[in-house]
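Asker: Sequence and predicted structure are below.
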Amino acid sequence: MPIAKPQRADARRNYDRLLVAAAEAIAERGADASLDDIAKRAGVGPGTLYRHFPTRQHLLEAVFHERVALLRDEAARLLTEEPDPDRALEAWLRALIEHLRRYRGLSETLKAVYDKEAELMVEVSGMMRWSAQVLLARAQEAGVARTDIDGTDFMRIGHGAAMVIIEPGADGDARADRLVRLLMDGVRTTTKA
């Protein structure tokens, strides 16, 4: 599990900066991103990085947990701030696919180390399932999403799309947009014009 956030304000700021820098580096270079580069990006020395994250594994776990928590937070935000259940569901699918595209190597690295029963994997899986299920259920209750699928199906749709759209840049983004529209047409009770 991720190491608990430190309590001192300066230590908490360093911890948060390290997480942001690590997420950026991992998105660019994968799970093997240089720890020295991450420390430099965060504006701290290697000793500060190792005080917060004694091993690469600790850092990867913390970034993975934080990134999935952000997806969960986005689902919660969409539930309260987006009145249209269809738009909320599509927005979260887009966020899920973007997350999977950016952090694919991170997820694969951790899955190679942990089985699905490990505490970290159980927790992040729960956050993902909750996010998909609450948004899908809301769309189903509104009559805009098919009722013969569940949150797990919806997550698998996103995972499948992300696996075939891994290229960064405009071409990958255009393909992702097209695929999201096609996938949502399959989820909706009626096709949007």
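Answerer: That came through, no problem. Just so it is clear, the structure is predicted and the values come from calculations on it, not from any experiment.
Asker: Touching, residue 34 and residue 25? I think so.
Answerer: Yes - counting by C-beta atoms under 8 Å, residue 25 is a contact partner of residue 34 at 7.3 Å. In this view, the C-beta of every residue, glycine as well, is placed from N, C-alpha and C.
Asker: which residues are contacting the helix or strand bottoming out on mean pLDDT in the chain?
Answerer: Across the helices and strands of the chain, mean confidence by mean pLDDT, DSSP states H and E is lowest for helix 104-113: a mean of 80. With contacts defined as C-beta atoms under 8 Å, 6 or more residues apart in numbering, helix 104-113 is touched by 26, 30-32, 57, 60-61, 63-64, 67, 100, 120-121, 162-163, 166.
Asker: quick one on the thing from earlier: and residue 34 and residue 25? which has more neighbours close in?
Answerer: Neighbour totals were compared for residue 34 and residue 25, and residue 25 leads with 21 against 11 (other C-beta atoms under 10 Å).
Asker: Surely that one is in a strand?
Answerer: No - counting by DSSP: H, G, I helix; E, B strand; the rest coil, residue 25 is located in no strand; its state is helix.
Asker: Spatially nearest residue to it, not counting backbone neighbours?
Answerer: Distances taken as C-beta to C-beta, 6 or more residues apart in numbering place residue 33 nearest to residue 25, at 3.8 Å, with adjacent residues excluded.
Asker: Dihedrals phi and psi, the one you found?
Answerer: Note on residue 33: its backbone torsions stand at phi -50, psi 150 [degrees, to the nearest 10].
Asker: Wait, it touches residue 39, no?
Answerer: No - using C-beta under 8 Å as the test, residue 33 is too far from residue 39 to be in contact (11.1 Å).
Asker: if you count what's nearby, which of the two comes out ahead?
Answerer: residue 33 (24 against 21).
Asker: and the longest helix that the chain contains, what does it pack onto?
Answerer: What stands out as the longest helix in the chain, according to DSSP state H, is helix 56-81. Contact here means 3 or more C-beta pairs under 8 Å, 6 or more residues apart in numbering; DSSP states H and E; on that basis helix 56-81 packs against helix 9-29, helix 35-42, helix 85-102, helix 104-113, helix 119-141.
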